[in-house]
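In: predicted coordinates and the sequence they were generated for:
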Amino acid sequence: MSDAVDSNFEQVRTDKLKKIEALGLDPWGQRFDGHQPIGDIRKLPDDKPEGERPKVRAAGRIVQRRGQGKAFFIDIWDWTGKVQVMIGQKQVGDQGWELTQLFDLGDLIGVDGDFGKTRMGEPTIFVSKLTFLGKSLLPHPDKWGGMADIEFRLRHRYLDLVYSPETLDRTLRRIQIVRAIRTHLDKLGYVEVEGPTLHAIAGGAAARPFITHHNTLDIDLYLRIALELHLKRLLVGGIEKVYEIGRVFRNEGISPTHNPEFTMLELYQAYGNYETMMELTEKMVLAAIDAIGGEQKRPHGERTIDFAPPWDRKKYGDLFQQCTGKAIDDRAGVAAAAREIGLNTQNTDHDVLVHKLFEIKVEPYLETLDRPVFVHDYPAGLCPLTKRKAGQPGIAERFELYVLGMEVANAYTELNDPITQEQTFRQQLAGLAEEDSMAKMDADFVRALKHGMPPTGGLGVGIDRLAMLLTNTTTIRDVILFPLLRPEK
RNA sequence: GGAGGCGUAGCUCAGCUGGUAGAGCAACGGACUUUUAAUCCGUAGGUCAUGGGUUCGAAUCCCAUCGCCUUCACCA
């Protein structure tokens, strides 16, 4: 961006600001009570004859202007809609007319007038009184060109919200989705809590944390990578149905489906298991869909997702057999299939090998499905902190919800056995690479478990990804208002 | 982090195998009291991301740097 040119535009507008002051007006505006949402005004009858028209008061941003001699037609925008206002020289007086000459695209104004139609049939506020509410010193994008540059839109999200209707729409729908989830869970008797964001030990997931520092205590702290370990402490404390919707931070790559900070729902129900969570997940997502219009067949990019219940449930092992032709416990067959596609089978755990094959052979198949599918009953080796199925020590009670191949939810029958938990912590630590060595034994958490945690069903949902799927958005950066960007130089 | 692509006026974009930087909107000056693809006449606006190099001559070719996008890897 060229400073010389910017300051030129800015200078012109600053000069106008001074002229507005010279008119005795406040160029930054004052409290302006009682204005009606433009969307509401647009619903008023606009076919009344002059004299019987509804009186209205609106406030908004000037987004388009058409001068016509002694009359101006201006479109003002607020977050509920857009409406044309007509400003006539006779109607607003000398001061109002002089002010009108000083308007720029982007300025904020308030209008009082009555609502009707012009001769051309356009719903219009015929202004009797103008109030100046705020000057814009920098030029806004023009309405016709719009905002096409992705980087420009991300760095000027405030403009994107005004000039890209889909951005505002998507933002509001995401908010409705989250609110519907909260309402649904509250109705079921879950309570929402707020766990700490600064952790002495970043646990609950396999991810690299961000490091920060507390000055007075003089200790390094980590931004949380999961909500899990504190919510489980609350289960020990008797809070039986608990959830948190909150930001977690993972110091990893950025992609259309990954932002370094993102919003997770984690939920735990004492005396439940993963089946409890499957039922809950389906109902909760359907409640969210209801909140934003209710269509269960939803477009997503080139595809259509059909959320009509009941959603399919497929066993991990069955999918594996279907897509690889090998039984999941066929050690020789799995190894052979792995070698066939160039995987190193030396010193690799059988279950780990199975999952690599799953990613390569099964996930592409899951991407082809246009309905959500619960994949359940995972190999126990993949989820050490999950309870085993009764009588099947090789199978863990876990499911993941896949939609178009995207992992949206992950749920477990949680391990509440502190002895196994502690062993697993130790095994993980022993096998960690140098760069992951910030992971530590969470002795305090194990101590909590030793006081007795109920058998529990637990669920995690990536809220951003769910919002993507429900709002037909293909990049996570468009469901997050301020995704991480490198700072401008 | 690897590989590819992109970066021209405030915004949206042209600019061919190297030959004096363009348009529309926005802006500025003037005209017009009912306009709605966006009235008419005129004016101004650019270190072509940044820094090097090749060349008589670079927005255009080469190298490096910065930023964004796509993709792979890691994850949710």
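Out: Thanks, I have it. Residues are numbered from 1 along each chain as shown, chains lettered A, B, ... in the order given.

In: use CA for all of it now, contacts and neighbours both
Out: OK.

In: check what contacts stretch A:381-399 and list those residues.
Out: A:274, A:278, A:351-352, A:355, A:374-380, A:410-415, A:421, A:424 (C-alpha atoms under 8 Å, 6 or more residues apart in numbering).

In: in strands, which of those appear?
Out: Among those, the members found in strands (DSSP state E) are A:374-379, A:410-414.

In: among the contacts of stretch A:381-399, name the buried ones.
Out: Buried residues within the contacts of stretch A:381-399, counting neighbours by 16 or more other C-alpha atoms under 10 Å: A:274, A:278, A:351, A:355, A:374-380, A:410-415, A:421.

In: contacts only, for the residue in the stretch 201-350 of chain A positioned nearest to RNA strand B.
Out: Proximity of the stretch 201-350 of chain A to RNA strand B (C-alpha to the nearest atom of the strand) peaks at residue A:258, 3.9 Å away. With contacts defined as C-alpha under 8 Å, 6+ apart, residue A:258 is in contact with residue A:476.

In: what distance do you get for residue A:445 to RNA strand B?
Out: 19 Å (C-alpha to the nearest atom of the strand, to the nearest Å).

In: which helices and strands does whichever strand or helix holds that residue pack with?
Out: According to DSSP states H and E, residue A:445 maps onto helix A:443-450. Here helix A:443-450 touches helix A:228-236, helix A:418-430, going by 3 or more C-alpha pairs under 8 Å, 6 or more residues apart in numbering; DSSP states H and E.

In: out of these, deepest packed?
Out: When the helices and strands packed on helix A:443-450 are scored by mean count of other C-alpha atoms under 10 Å, the highest mean neighbour count falls to helix A:228-236 (a mean of 21).

In: would you mind identifying the next helix or strand past that one?
Out: Helix A:228-236 is succeeded, C-terminally, by strand A:241-249 (DSSP H and E).

In: how many neighbours does residue A:45 have?
Out: Residue A:45 has 13 neighbouring residues, counting by other C-alpha atoms under 10 Å.

In: compute the distance between it and residue A:58, please.
Out: In this view, residue A:45 and residue A:58 are 16 Å apart by C-alpha to C-alpha, to the nearest Å.

In: might one say that residue A:426 is in contact with residue A:442?
Out: No: taking contacts as C-alpha atoms under 8 Å, residue A:426 lies outside contact range of residue A:442: 10.1 Å.

In: on contacts alone, who are the packing partners of the lengthiest strand in chain A?
Out: Secondary structure of chain A per DSSP E: the longest strand is strand A:55-68. In terms of contacts (3+ C-alpha pairs under 8 Å, 6+ apart), strand A:55-68 is packed against strand A:71-78, strand A:108-117.

In: for RNA strand B, find the nearest of those strands.
Out: Minimum separation from RNA strand B across those (C-alpha to the nearest atom of the strand) falls at strand A:71-78, 4.7 Å.

In: before we move on, back to that, just send the ones in strands among the contacts of stretch A:381-399 back as CSV, with pLDDT and distance to RNA strand B too.
Out: Shown next, in CSV, are the ones in strands among the contacts of stretch A:381-399 (pLDDT from 0 to 100; distance: C-alpha to the nearest atom of the strand, whole Å):
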residue, pLDDT, distance to RNA strand B
A:374, 95, 13
A:375, 95, 13
A:376, 94, 14
A:377, 93, 16
A:378, 92, 14
A:379, 90, 15
A:410, 93, 7
A:411, 94, 10
A:412, 93, 13
A:413, 94, 16
A:414, 93, 15
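
In: which of those residues lies closest to residue A:254?
Out: Nearest to residue A:254 among the ones in strands among the contacts of stretch A:381-399 is residue A:410, at 20.8 Å by C-alpha to C-alpha.

In: that closest one: what's it in contact with?
Out: Residue A:410 neighbours (C-alpha under 8 Å, 6+ apart): A:398-401, A:459-461.

In: would you report the backbone torsion angles of the closest residue to it other than its chain neighbours?
Out: Nearest non-adjacent residue to residue A:410, counting by C-alpha to C-alpha, 6 or more residues apart in numbering: residue A:400, 4.4 Å away. Reported as degrees, to the nearest 10, the phi and psi values for residue A:400 are phi -120, psi 140.
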